[in-house]
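# Just a sequence and a predicted model for now, questions to come.
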Amino acid sequence: MSINSSNDYTHQFLRRKKVEEITTLSRNKIYSLMKEGNFPKSIAIAPKCVVWVKREIEEWIVAQVHSSRVESA
């Protein structure tokens, strides 16, 4: 697998603390939503080290905003 450019940040990883910060969700809520299939899955990259794909988290946030706007319209 190759990355087209050294400036391609579409596959950046985020650690759990950063995901919590960006989404404002607690650790428990993140894992609960993942279990329900309503949040991007984490990736285990090492023992005791999980990450999320930044783009997937950003897309999830956009979907939440869109969903809240559609429901309130």
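Great, that's in hand.

# Where do the helices of this protein begin and end?
16-23, 27-36, 54-72 (DSSP state H).

# then the first one to PDB, C-alphas only?
In PDB, the C-alpha atoms belonging to helix 16-23 read as follows (Å, rounded to 0.1, in the frame of the first residue of the first chain):
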ATOM      1  CA  ARG A  16      -8.800   8.100  22.100                       C
ATOM      2  CA  LYS A  17      -8.200  11.300  24.000                       C
ATOM      3  CA  LYS A  18      -8.200  13.300  20.800                       C
ATOM      4  CA  VAL A  19     -11.400  11.600  19.600                       C
ATOM      5  CA  GLU A  20     -13.000  12.400  23.000                       C
ATOM      6  CA  GLU A  21     -11.900  16.100  22.600                       C
ATOM      7  CA  ILE A  22     -13.100  16.400  19.000                       C
ATOM      8  CA  THR A  23     -16.500  14.700  19.500                       C
END
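
# residues contacting residue 25?
Contacts here follow CB atoms under 8 Å, 6 or more residues apart in numbering; on that basis residue 25 touches 19, 33. (C-beta placed from N, C-alpha, C; glycine too.)

# and the gap between it and residue 33?
According to CB to CB, to the nearest Å, residue 25 and residue 33 sit 7 Å apart.
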